[in-house]
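Chemist: here is my input, please return the structure:
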Amino acid sequence: MREYAKLAPKFWTGETGKRIKKAGPEGVVVAVYLMSSPHSNMIGIFHQPVMYMAYETGLSIEGASKGLRICMDAGFCRFDEASDMVWLPEMAQYQIAKALSPGDKRCKGIRKDYAALPDCPFLGAFFDRYAQAFHLPTRRNGTGEPVPVSHAPPKPLRSQEQEQEQEQEQEQEQQPPAPDGDGAAPPAAAGVATAKKRRPAEAPEEVLKPEDVDAQVWRDWLKLRGAKKAPVTPTVLAGATSEAAKAGLTLGEFLAVWCRRGTQGLEAAWIKADERGNGRHGRPPDRIDRQLETAGLMVGSAYGYPAPASPSTPPMEVTDVTARAIAA
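Modeler: Numbers count the residues shown, from 1 in each chain. Predicted coordinates:
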């Protein structure tokens, strides 16, 4: 938010100000508001929804819309409903200056504000208006604006003879030198360097996702390797598979631990006990595991679960005795 804004006395006596005053008080309120709006900047292009305008001026939505239309008809401002962007064409010269020298520090601030503007139809028009005055280097083309012809001078057209000469020179450079009488190629002329052809770089071998690795885990691991600028090769994947076997984990579980750690490498010896998870292969036991555990309690360790230990004491025998009444 700007700390201050300029309001020239000429606004009340100039032709534009007179047209606004004649059209109604809503126009005057909106015009003064736009020059001092908390959303404005010194170059005069800023985001200004009508709802904000109504709330901050005390006008109704209809009154703010009417005042904005008055200002637009008077040529005081331009408004784009699609982006809610407004442009006051004369605001930059009144708030800054009509022109600045190239070394003026305000030129840097103007370039910064111009580059930070969102897309709107006023970007190119502002550049055309103030490029020379404020030494703007690059023109931006907003949505809905015609793309102008480049300001740079066009390159001269090459004649057909020049193109043919260049093609002949290129063909001669590509042809190998003719051998001399002894059958040996003549040495290169002094000061002429022979061009060396560079071998194209070989594309890295694509490593496919193993079947026992979850798709999301695989994407996360590839993203981690990319962030660490580390390659993904069959050798790296084979090493990970070997370390996973040492840790008693599947490859997918090993890569999941790797992603959670966020390290460039991982070895089986580095994995802590709490990272291995519980249940089989790091997953919690499901319904099938619980059924197998029950079966293991009945038939021993046939399903991989330890059978219950033998009781250290024999079971107690209970004899059913019928109760009888004993007479005194």
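
Chemist: helices and strands of this structure: which one has the lowest mean pLDDT?
Modeler: Taking mean pLDDT, DSSP states H and E as the measure, helix 287-299 is the helix or strand of the chain with the lowest mean score, a mean of 56.

Chemist: show me the shaky parts of the stretch 101-250 of the chain.
Modeler: Within the stretch 101-250 of the chain, the stretches with pLDDT under 70 are 144-168, 170-204.

Chemist: repeat that for 90
Modeler: Along the stretch 101-250 of the chain, segments meeting pLDDT under 90 span 141-209, 211-212, 221, 226, 228-232, 234, 236-237, 244-249.

Chemist: list the contacts for V29?
Modeler: For V29, the contacting residues are 57, 59, 67, by CB atoms under 8 Å, 6 or more residues apart in numbering. Using the backbone N, CA and C atoms, a C-beta is placed for each residue, glycine as well.

Chemist: assign it to helix, strand or coil.
Modeler: helix (DSSP: H, G, I helix; E, B strand; the rest coil).

Chemist: pretty sure D212 is in a helix, no?
Modeler: No: using three-state DSSP, the assignment for D212 is coil, not a helix.

Chemist: I43: how many residues sit nearby?
Modeler: 22 (other CB atoms under 10 Å).

Chemist: contacting residues around it?
Modeler: Listed by CB under 8 Å, 6+ apart, the contact set of I43 reads 91-92, 95-96, 110, 113-114, 126, 130.

Chemist: just the buried ones from those?
Modeler: 91-92, 95-96, 110, 113-114, 126, 130 (16 or more other CB atoms under 10 Å).

Chemist: do you have the helices of the stretch 51-200 of the chain handy? List them.
Modeler: Secondary structure of the stretch 51-200 of the chain (DSSP state H, counting those that start in this stretch): helices at 61-73, 91-95, 105-116, 123-134, 160-174.

Chemist: following the last one, which helix or strand comes up?
Modeler: Pointing back at helix 160-174 there. helix 215-227 (DSSP states H and E).

Chemist: what's that following helix packed up against?
Modeler: Applying 3 or more CB pairs under 8 Å, 6 or more residues apart in numbering; DSSP states H and E, we find helix 215-227 packed against helix 251-261.

Chemist: against which helices or strands is the helix it packs on packed?
Modeler: Judged by 3+ CB pairs under 8 Å, 6+ apart, the packing partners of helix 251-261 are helix 215-227, helix 234-246.

Chemist: mind listing what's buried along the first one?
Modeler: This means helix 215-227. 217-218, 220-221, 224.

Chemist: Throw these into JSON lines and include distance to R19, thanks.
Modeler: Listed next are these as JSON lines, based on distance: CB to CB, whole Å:
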{"residue": "V217", "distance to R19": "68"}
{"residue": "W218", "distance to R19": "67"}
{"residue": "D220", "distance to R19": "63"}
{"residue": "W221", "distance to R19": "67"}
{"residue": "L224", "distance to R19": "64"}
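
Chemist: ok, so of these, who is nearest K105?
Modeler: Lowest distance from K105 to those (CB to CB) belongs to L224, with 45.0 Å.

Chemist: quick one: the closest one and D128, what's the gap?
Modeler: 49 Å (CB to CB, to the nearest Å).

Chemist: and what of N41?
Modeler: Taking CB to CB, one finds N41 at 19 Å from D128.

Chemist: do the same with S60
Modeler: Taken as CB to CB, the span from S60 to D128 is 36 Å.

Chemist: any idea how this structure splits into domains?
Modeler: 10-134, 215-277 (automatic domain parsing).

Chemist: identify whichever of those domains lies nearest to E205.
Modeler: For the domains of the chain, the distance to E205 is smallest for domain 215-277, at 6.7 Å, taking CB to CB.
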